[in-house]
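Novice: give me the fold of what follows.
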Amino acid sequence: MVIKIRGYVITYKPNDASSRTAINHLLFGRMVARYYNGRKTVCYMKGMLHNTRFGRLMDSKIFVESLKPIDFEKLEEFGKITHAACLRNTDEIRFLTGHDYWKHLASEKGLILKSSANQRRI
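Specialist: Next up is the predicted model:
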């Protein structure tokens, strides 16, 4: 049985390599590693898709369930952003939230992920 879900396809074309990094950090968040007293501490900095489910379709193209948490004006400083409504099969897309993505990546590397209280933006 195929289940279709309504959502939006967001496509972005960054201005340059540093803009691509900035867009990815703003959307998905990032991990910041610090050494404190000789011990590595990893903090998660929240992105716009912290609690919103998304699926990567290909490079620079994602599928999201909701546009509410996304600030397109902020993203357009770093490149061209387009979005369009569509229906997708749920079995074709692996959905994650920004927090789930970084939590999984940290566990693969054997790190303990902490959420940062101080949320700095780019």
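Novice: can you pull up the most central residue in this structure?
Specialist: Per Cα atoms, centre = their mean, the C-alpha nearest to the average position across the chain is that of residue 28, at 1.8 Å.
Novice: show me what contacts it?
Specialist: In this structure, residue 28 makes contact with 47, 49, 98, 101-102, judged by Cβ atoms under 8 Å, 6 or more residues apart in numbering. Where you see a C-beta, it was placed from the backbone N, CA and C, and this is true even at glycine.
Novice: so how far is residue 71 from it?
Specialist: Applying Cβ to Cβ, to the nearest Å, the value for residue 28 to residue 71 is 14 Å.
Novice: how about residue 109?
Specialist: Noted for residue 109: a distance of 30 Å to residue 71, by Cβ to Cβ.
Novice: what do you get for residue 26?
Specialist: Applying Cβ to Cβ, the value for residue 26 to residue 71 is 8 Å.
Novice: between these two, what contacts are shared?
Specialist: residue 48.
Novice: of the two, who's got more company?
Specialist: Per other Cβ atoms under 10 Å, whichever of residue 26 and residue 71 has more neighbours is residue 26, with 20 against 11.
Novice: tell me which element the more buried one falls in.
Specialist: Element membership of residue 26 [criterion: DSSP states H and E] is helix 17-28.
Novice: check which element follows that helix along the chain.
Specialist: strand 30-36.
Novice: compute the inter-axis angle for the following helix or strand past that next one and strand 30-36.
Specialist: Sequence-wise, the next helix or strand downstream of strand 30-36 (DSSP H and E) is strand 39-45. Orientation of strand 39-45 against strand 30-36 (axes from the mean of the first three to the mean of the last three Cα atoms, to 10 degrees) gives an angle of 150 degrees.
Novice: tell me the confidence at the residue at the greatest distance from the centre of the chain?
Specialist: Distance from the C-alpha centroid of the chain peaks at residue 37, with 30.6 Å (Cα atoms, centre = their mean). Residue 37 carries a pLDDT score of 76 in this model.
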